[in-house]
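# below are the sequence and a predicted model; questions follow.
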Amino acid sequence: MAAAAKKTITIRLVKGTIACNPDHRATVNGLGLKRREQVRTLENTPSVRGMIKKVLHLVEIVSESR
């Protein structure tokens with residue numbers, strides 16, 4: 001039986017983190033985003049979804065595979 005395809009989510013950092021809360025800055029770094037307009041594709045897990053929800057005002061969801 002073939003392995004199930006992993007669900008992914010692609011996000012982009014649209015605002016800088018220079019004037020934001022240190023907790024939000026740490027969350028953005030945890031998502032692997034370092035500078036504006038950087039795009040990352042991550043595994044769509046509940047922990048990643050929670051991190052995205054915390055900094056939704058700083059990031060944009062580009063695409064989502066189901």
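Yes, it's here.
# got the contact list for stretch 13-25?
Stretch 13-25 is contacted from outside by 28, 33, 35, 36, 37, 38, 54, 55, 57, 58, 59, 60, using C-beta atoms under 8 Å, 6 or more residues apart in numbering. Bear in mind the C-beta positions are built from the backbone N, C-alpha and C, glycine included.
# out of those residues, which sit inside strands?
59, 60 (DSSP state E).
# could you list the low-pLDDT ranges of the chain?
Scanning the chain for pLDDT under 70 picks out 1-4.
# what separation is there between residue 26 and residue 14?
18 Å (C-beta to C-beta, to the nearest Å).
# closest one of the contacts of stretch 13-25 to residue 46?
residue 54 (12.8 Å; C-beta to C-beta).
# list the contacts of that closest one.
Counting by C-beta under 8 Å, 6+ apart, residue 54 has contacts 23, 24, 27.
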